[in-house]
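Undergrad: Quick one: sequence plus predicted model below, questions after.
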Amino acid sequence: MFKKIIIFVLSLYSLFVVNSFSVENKILFKVNNEIISSIDILNEISYLKLINPNLKSTNQKNLYEIAKNSLIREHIKKIELEKNNIDINIDEDNLNKIKKNFSNKFGLKSNKELKSFLKQVDLNEKDIFKKLIIENLWNSFIVKKFIKDVKIDEEKIKKEVSKIEYQYEYNLSELIFELNNNEKIDTKYNEIVDKIKQQSFEEIATLLSISDSSKTGGILGWIKENALNQSIKNELVNLKSGDITKPLVIPGGILILKINNKREVKREIDVNKEIQLVVRNKTNEQLNQFSVLYFNKIRKDVLINEL
């Protein structure tokens, strides 16, 4: 088994100098009073490989960093939820909805199949759904806190949708980065592009992106052209599949998009349905930006100690 054959050695400035893990369960970090152990890291790696198969070819040093960052983000969210008196022990009905959504992603048709599947990939059911509960509660928290700040011009959307017969759809992945100290956008962008050339966009997005989409390699899926803001549309229009954009400044960071694929599609016959889809996509885009901004704000008040 994976856990039995890798030995884990940690040092503050040189991670994975020895290409091995240890089954000994050591406390590695504290996020305030929340503990992250070596076993937590191993379990997180297994989980991330499950939801993002691109990580299967990632080297151990990067896997460690990705898992560490993912767990730190999760604990910060948990701390903030509890600070706002949000109980992570949800009721059975909501838990079953989360389980059903997870099962559907992997084509699992029953609770028995779910249990068998998790056993095969060496993941603990309780731990997995605790993670998914935290993520769901965080998303609900962000919606409740910021939905009033979302600005959508529905009349403008109606006019745009009504006059468009054909438009492009883009299958996109994103990487959102932030600048530290005296870093310059172009310098950091070029450093990231060099990393992407050596590895892949998805792996570098998982490693470096501050967006919640980082867990799945930054994948956003298919998005209609009229659901994108004008600056992004202007950037994408002359690019082809496989290209990445120049750095785009957005609330909360700097955005790089990759076009995985693009296609021209005819407008939905049901115009109202098309309008609602655009409204929903634009709403989600703004809420995701609020989520990044808010997370960056609360992260500054959290004490992270490496032990």
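TA: All right, it came through fine. Numbering: from 1, shown residues only.
Undergrad: Centre-most residue in the chain?
TA: Centroid check for the chain by CA atoms, centre = their mean gives residue 213 as the closest residue, at 1.9 Å.
Undergrad: who are the neighbours in contact with residue 293?
TA: Residue 293 is in contact with 251-252, counting by CB atoms under 8 Å, 6 or more residues apart in numbering. For glycine as for every other residue, the C-beta is placed from the backbone atoms N, C-alpha and C.
Undergrad: Would you map the strands across the stretch 51-200 of the chain?
TA: Applying DSSP state E, counting those that start in this stretch to the stretch 51-200 of the chain gives strands spanning 166-177.
Undergrad: pLDDT weak spots in the protein?
TA: Applying pLDDT under 70 to the chain flags residues 1-23.
Undergrad: pull the longest helix from it.
TA: helix 271-299 (DSSP state H).
Undergrad: Determine the angle, from 0 to 180 degrees, between that helix and strand 166-177.
TA: Helix 271-299 runs at 10 degrees relative to strand 166-177, counting by axes from the mean of the first three to the mean of the last three CA atoms, to 10 degrees.
Undergrad: Can you list the buried residues in helix 271-299?
TA: 274-275, 277-279, 281-292, 294-295, 299 (16 or more other CB atoms under 10 Å).
Undergrad: Kindly report the same for stretch 245-254.
TA: Here stretch 245-254 shows 245, 247-248, 250, 252-254 as buried, counting by 16+ other CB under 10 Å.
Undergrad: Let's have those in a markdown table, adding secondary structure.
TA: Converted to a markdown table, these look like this (DSSP: H, G, I helix; E, B strand; the rest coil):
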| residue | secondary structure |
| --- | --- |
| 245 | coil |
| 247 | coil |
| 248 | strand |
| 250 | strand |
| 252 | coil |
| 253 | strand |
| 254 | strand |
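Undergrad: Which one of those residues is nearest to residue 68?
TA: residue 253 (19.9 Å; CB to CB).
Undergrad: so what's that closest one up against?
TA: 176-178, 210-211, 292, 296.
Undergrad: quick one: it from residue 134, how far?
TA: 22 Å (CB to CB, to the nearest Å).
Undergrad: What sits closest to residue 237 if chain neighbours are left out?
TA: residue 168 (7.9 Å; CB to CB, 6 or more residues apart in numbering).
Undergrad: neighbours of that neighbour, just the number please.
TA: 17 (other CB atoms under 10 Å).
Undergrad: Surely it and residue 262 touch.
TA: Yes: using CB atoms under 8 Å, residue 168 is in contact with residue 262, at 5.6 Å.
Undergrad: overlap in contacts of the two?
TA: residue 236.
Undergrad: In contact with the nearest residue to residue 219 once chain neighbours are set aside, which residues are there?
TA: Spatial nearest neighbour of residue 219, excluding adjacent residues (CB to CB, 6+ apart): residue 173 at 5.1 Å. Residues in contact with residue 173 (CB under 8 Å, 6+ apart) are 201-202, 205, 213, 217-220, 257-258, 260.
Undergrad: Of the residues you listed, just say which sits nearest to residue 130.
TA: Nearest to residue 130 among the contacts of residue 173 is residue 213, at 20.6 Å by CB to CB.
Undergrad: How about the closest one, nearest residue that isn't a chain neighbour?
TA: Nearest one to residue 213, counting by CB to CB, 6+ apart, is residue 174 at 5.9 Å.
Undergrad: Which residues does that neighbour form beta bridges with?
TA: Beta-bridge pairing of residue 174 under DSSP bridges involves residue 257.
Undergrad: mind listing what it touches?
TA: 205, 209, 211, 213, 218, 220, 255-258.
Undergrad: can you pick the most crowded of those residues?
TA: Result: residue 205 is most packed of these (other CB under 10 Å), 28 neighbours.
Undergrad: correct me, but that one touches residue 215?
TA: No: look at residue 205 against residue 215 with CB under 8 Å: they stay out of range, at 9.7 Å.
Undergrad: can you tell me the helix or strand for residue 43?
TA: helix 38-51 (DSSP states H and E).
Undergrad: what comes up buried for that helix?
TA: For helix 38-51, the neighbour count (16+ other CB under 10 Å) marks 38-50 as buried.
Undergrad: and that helix, how far from the chain's centre?
TA: The chain centroid and the centroid of helix 38-51 are separated by 15 Å under CA atoms, centre = their mean, to the nearest Å.
Undergrad: Who are the contact partners of the closest residue to residue 302 other than its chain neighbours?
TA: Leaving aside its chain neighbours, residue 302 sits nearest to residue 76 (5.3 Å; criterion: CB to CB, 6+ apart). Contact analysis of residue 76 by CB under 8 Å, 6+ apart lists 31, 295, 298-299, 302.
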